[in-house]
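>>> just to be clear, the model below is a prediction. Sequence and coordinates:
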Amino acid sequence: MSEATSPPQASYDVIVVGAGAAGLATALRLARRRSVVLLCKTPLGSGAATAWAQGGIAAAIGDDDSPALHMHDTEEVGGGLNDHHVVEILAESAAPRIADLIALGACFDRRPDGALDLGREAAHSRRRILHAGGDATGREIHRALVAAIRASEVHVVEARVERLRLERGRVVGVTADHDGERLELAAAAVVLATGGCGHLFRYTTNPPESTGDGLALAARAGATLTDLEFVQFHPTALAVGADPMPLLTEALRGEGARLIDEQGNALMERHDPRGDLAPRDVISRRLFEHLADGGHAYLDARSIPDVAKHFPTVSAATERFGLDAQHDPLPIAPAAHFHMGGIDVDDHGRSSLRGLWACGEVASTGAHGANRLASNSLLEALVFGTRVGDDILAHTPRHHGTPKRLARDTHLASSPTSLASEEEWIAELRAIMSRDVGPIRAEAGLRHALQSIERFAEIPQATNMVLVARLIINAALQRRESRGCHQRSDYPVIDPRLAYRIHTPPLSHHEISP
């Protein structure tokens with residue numbers, strides 16, 4: 001493989017944008033049979049949300065389990081909007097993708113007899129969650145995938161994609177910034193695997209790179225987006241003032257941790273028959289309301305033997321802030337965690353634009369519906385990253401173009417702003433989103449947010465964040481009901497007439513340009 005610092009060639013068979021699980025899985029599927037360049041915003045092995053995933057990866061491989069049960073649990077929490085065919089693909093493809101990871105050297109936790117050690121998480125009816133290192137599953141999966149990429153012929157380049165290149169309505173490449181040089185790269189196929197948009201919110205578990213860039217690229221190119229209103233808030237983020245907020249994995253509750261208030265009373269006991277194992281959206285709303293009323297919320301893991309041994313990532317995170325998970329209730333609050341919405345794709349990851357595929361969190365496959373079942377995100381990334389690779393191999397010829405590389409870029413100066421620094425406007429934009437577009441929304445707050453974020457639209461560094469925020473807010477205004485992760489206090493119940501996915505059509509020039 002070429003070094004990440006070496007200049008890219010002018011054309012490839014496939015350009016993959018993003019180096020999380022979905023992008024890496026796609027690139028590996030194509031390696032040796034197509035020329036592939038993998039573009040990533042940060043050095044390979046860093047910056048991807050995959051490595052931050054603690055909970056695990058779901059697969060119906062236990063003796064008492066089946067793909068049909070996994071499908072049922074996935075659709076039970078999806079608010080009636082799951083694509084049944086896509087859920088079937090997800091559940092039935094789990095075992096082969098786990099086998100792929102093990103073949104690559106991923107080390108999952110095992111029982112003394114050598115069998116895979118399966119855990120349980122909220123809203124799962126069986127123990128079907130594979131972990132690695134207790135709560136370092138994403139890190140181990142990412143390590144194995146990165147190692148495989150480094151051993152392959154995939155060309156990795158650290159570059160920031162600025163736009164998708166179009167010819168006669170087909171995506172034919174990208175324009176990217178590589179070390180201050182603007183490059184035009186051509187390909188027969190472009191795959192967006194850029195992750196989510198959690199960093200649009202002040203309170204998030206996502207890395208700073210999760211700013212929705214892929215959504216903005218696709219929207220500006222004219223792709224259809226879907227389900228943008230559905231942002232999942234993880235209920236148990238460690239509330240200690242850190243940014244991003246450390247995640248307290250859902251597996252803790254699967255092993256007996258409890259949600260309690262400041263007086264030690266159970267927070268979920270009278271609010272849902274599933275108690276502490278209720279779906280994330282249910283718990284997040286309960287905690288949000290309790291905190292808004294001036295209360296405090298805690299995750300009590302003191303009943304779990306050897307917490308530090310079984311959950312070393314959680315233990316290390318809490319120790320950094322002077323807490324001991326074995327002896328202290330841990331302060332928590334909901335935080336933006338996963339986006340069910342994204343680029344509208346079919347079951348092979350094809351977008352509405354010819355030549356453009358998408359997979360992972362940036363894509364909206366319909367697998368999750370209005371609310372994602374825990375530990376289905378890593379699975380979705382691997383399943384559909386693999387399917388995208390297979391589809392490109394089956395239907396896309398090699399590329400034969402040789403476009404020139406553009407001259408060194410002259411970056412545009414930032415527009416004047418009343419804010420003292422880029423960090424300040426980012427902080428203000430994110431605060432607006434957390435306040436008005438959080439776990440519980442209403443029309444007045446959404447419209448206030450829509451108006452408030454426009455003052456950042458002239459700042460070049462903010463254009464992607466403002467565009468994606470605007471799209472999410474408009475979708476949230478359009479869905480006048482409460483369903484899954486989308487809760488409207490002014491429309492507090494499900495409206496059966498809205499049991500469909502909301503598509504955001506290609507943007508007009510006015511919508512694209514601030």
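It's in.
>>> so the closest residue to Gly295 other than its chain neighbours bridges to which residues?
Distances taken as Cβ to Cβ, 6 or more residues apart in numbering place Asp261 nearest to Gly295, at 5.6 Å, with adjacent residues excluded. Placement of C-beta: from N, CA and C, glycine included. Per DSSP bridges, the residues bridged to Asp261 are Ala297.
>>> in the stretch 201-350 of the chain, which spans are helices?
Assigned by DSSP state H, counting those that start in this stretch, the helices in the stretch 201-350 of the chain fall at 213-221, 251-254, 280-292, 307-310, 312-320.
>>> and the closest residue in space to Leu44 that isn't next to it in sequence, how close does it get to Met433?
Of all residues not flanking Leu44 in the chain, Val156 sits nearest, at 5.2 Å (Cβ to Cβ, 6+ apart). Plainly put, Val156 is 32 Å away from Met433 if you go by Cβ to Cβ, to the nearest Å.
>>> mean neighbour count added to the helices of the stretch 201-350 of the chain, as a markdown table?
Shown next, in a markdown table, are the helices of the stretch 201-350 of the chain (neighbours: other Cβ atoms under 10 Å):
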| stretch | mean neighbour count |
| --- | --- |
| helix 213-221 | 25 |
| helix 251-254 | 25 |
| helix 280-292 | 21 |
| helix 307-310 | 17 |
| helix 312-320 | 19 |
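>>> show me the one of those that comes nearest His234.
Closest approach to His234 among the helices of the stretch 201-350 of the chain (Cβ to Cβ): helix 280-292, 6.2 Å.
>>> packing partners for that closest one?
If you count contacts as 3 or more Cβ pairs under 8 Å, 6 or more residues apart in numbering; DSSP states H and E, helix 280-292 packs onto strand 231-238, strand 258-261, strand 297-300, strand 330-339.
>>> for the last one, packing partners?
Right, the one you point to is strand 330-339. strand 231-238, helix 280-292, strand 297-300.
>>> orientation of the helix of greatest length in the chain relative to strand 330-339 in degrees?
Selection of the longest helix in the chain by residue count, based on DSSP state H, yields helix 377-395. Here helix 377-395 runs at 20 degrees with respect to strand 330-339, directions being taken by axes from the mean of the first three to the mean of the last three Cα atoms, to 10 degrees.
>>> and helix 377-395, what's buried?
Within helix 377-395, the residues that qualify as buried are 377-389, 391-392, counting by 16 or more other Cβ atoms under 10 Å.
>>> which of those residues lies closest to Gly438?
For those, the nearest to Gly438 is Ser377 (20.2 Å; Cβ to Cβ).
>>> other residues contacting the host helix or strand of Trp425?
Using DSSP states H and E, Trp425 sits in helix 422-436. By Cβ atoms under 8 Å, 6 or more residues apart in numbering, the surrounding residues in contact with helix 422-436 are 199-204, 336, 414, 417, 419, 445-446, 448-449, 452-453, 456, 459, 461-462, 465-466, 469.
>>> do you have the helices of the stretch 51-200 of the chain handy? List them.
In the stretch 51-200 of the chain, the segments counted as helices under DSSP H, counting those that start in this stretch are 67-76, 84-92, 94-104, 137-150.
>>> which one of those lies closest to Asp306?
For the helices of the stretch 51-200 of the chain, proximity to Asp306 was assessed by Cβ to Cβ; helix 137-150 is nearest, at 18.3 Å.
>>> what residues sit buried inside that closest one?
Using 16+ other Cβ under 10 Å as the test for burial, helix 137-150 gives Thr137, Gly138, Arg139, Glu140, Ile141, His142, Arg143, Ala144, Leu145, Val146, Ala148, Ile149.
>>> same question, stretch 25-39
Buried residues in stretch 25-39 (16+ other Cβ under 10 Å): 25-31, 34-39.
>>> state the distance from the residue nearest to Phe384 when sequence neighbours are not counted to Asp347.
The shortest distance from Phe384 to any non-neighbouring residue, by Cβ to Cβ, 6+ apart, is to Cys359 (4.3 Å). Note on Cys359: its distance to Asp347, by Cβ to Cβ, is 11 Å.
>>> quick one: common contacting residues for those two?
Joint contacts of Cys359 and Asp347 (Cβ under 8 Å, 6+ apart) are Arg387.
>>> what are the bridge partners for the residue nearest to Leu44, then?
Under the criterion used (DSSP bridges), Val156 bridges to Leu38.
>>> how near is it to Val190?
Where Val190 is concerned, Val156 sits at a distance of 16 Å (Cβ to Cβ).
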